[in-house]
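1. Test case, fold it:
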Amino acid sequence: MSMTVDKVNEPGTEVRRGKRSWPASFKLRILKEVDEAKASGGSGAVGEILRREGLYSSLLTDWRRQRDEGALVGLADTRQGRKPKDPVRAENERLRVRVEALESELVTANELIEAQGKVSALWAERSSRSAETTTE
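-> Next comes the predicted model:
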């Protein structure tokens, strides 16, 4: 057996489940379902809902308090996590990088053109000197 399975099977080892969290839409749906079950007069229906979802009645108390304070309404349509990057800002950054690369290439191209002009002038001077020495 693997080491983790052996540890779990040891007496006195407690395995804890991580803290669970529920989205606001789930909480509101469960509260609505429980309230409807209570309105129809079935107290056993509430227990059935709790067992089906694996919830404790104390959670309902907390969720009702959150709902009454307005906390769940504010959370209902929010997305969790990092905010998406602004596409315009990302495009501007991409274009800035591209402009820098092109400017660097332009400097290199101008240096090459200048060097080619110097080489051409040197060859023209040499060829005119060699033409003068051959004609003399």
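2. Do a quick rundown of the helices in the protein.
-> Assigned by DSSP state H, the helices in the chain fall at 3-9, 24-39, 43-53, 57-69, 71-75, 87-135.
3. Ramachandran angles for Leu55?
-> Dihedral pair for Leu55: phi -110, psi 160, per degrees, to the nearest 10.
4. quick one: it and Ile30 touch, right?
-> Yes - contact criterion C-beta atoms under 8 Å: Leu55 and Ile30 qualify, at 7.1 Å. No exception for glycine: its C-beta is placed from N, CA and C like everyone else's.
5. shared neighbours, these two?
-> Among the neighbours of Leu55, those also in contact with Ile30 (C-beta atoms under 8 Å, 6 or more residues apart in numbering) are Ile49.
6. Please report phi then psi for the residue most central in space within the chain.
-> For the chain, the residue sitting closest to the mean C-alpha position, by C-alpha atoms, centre = their mean, is Arg82 at 5.9 Å. Dihedral pair for Arg82: phi -70, psi 140, per degrees, to the nearest 10.
7. separation between it and Glu132?
-> Going from Arg82 to Glu132 by C-beta to C-beta, to the nearest Å gives 75 Å.
8. Good, wrapping up.
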